[in-house]
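from the sequence below, what's the structure:
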Amino acid sequence: MDITSPTLLKIKGALFALLGVLAAVLLLLPDFSWRSVLLIAICVWAFCRAYYFCFYVLQHYADPRFRYRGLVHLLLYLCGVREKGVDDDSAAKAK
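Numbers count the residues shown, from 1 in each chain. The predicted structure follows:
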């Protein structure tokens, strides 16, 4: 079931943000240091950029025909594993 309600989507986004903040706070509570804050911030930033790369850059620039359903699907695609019927369109055009 897909969520289509804009209100529910906003609540879902806010809950993800809250979960991230809570996890960072729980990591920092036992032994706070500015170094740890910086490393968590770099980690979050780097994973956000990696996600953007995987689901925007690759789809829009590397292979606009292909749509990824998740990270496992993306890894299979990058390893050269193709699903049945995915490349039927391009194979038909090559003939």
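
for the rest of this, base every contact and every neighbour count on C-alpha atoms.
Will do.

assign residue 48 to helix, strand or coil.
helix (DSSP: H, G, I helix; E, B strand; the rest coil).

and the helices in this protein?
With DSSP state H applied, the chain shows helices at 6-28, 34-52, 71-78, 88-94, listed in chain order.

switch these over to JSON lines; also include mean neighbour count and mean pLDDT.
Shown next, in JSON lines, are the helices of the chain (neighbours: other C-alpha atoms under 10 Å; pLDDT from 0 to 100):
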{"stretch": "helix 6-28", "mean neighbour count": "12", "mean pLDDT": "94"}
{"stretch": "helix 34-52", "mean neighbour count": "12", "mean pLDDT": "94"}
{"stretch": "helix 71-78", "mean neighbour count": "13", "mean pLDDT": "84"}
{"stretch": "helix 88-94", "mean neighbour count": "9", "mean pLDDT": "45"}
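
export these to CSV and tack on distance to residue 63?
Shown next, in CSV, are these (distance: least, C-alpha to C-alpha, whole Å):
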stretch, distance to residue 63
helix 6-28, 28
helix 34-52, 15
helix 71-78, 11
helix 88-94, 12
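
residue 65: which of the ones you listed is closest?
helix 88-94 (9.4 Å; C-alpha to C-alpha).

quick one: residue 53 from residue 32, how far?
To residue 32, residue 53 is 32 Å away according to C-alpha to C-alpha, to the nearest Å.

cool, thanks, signing off.
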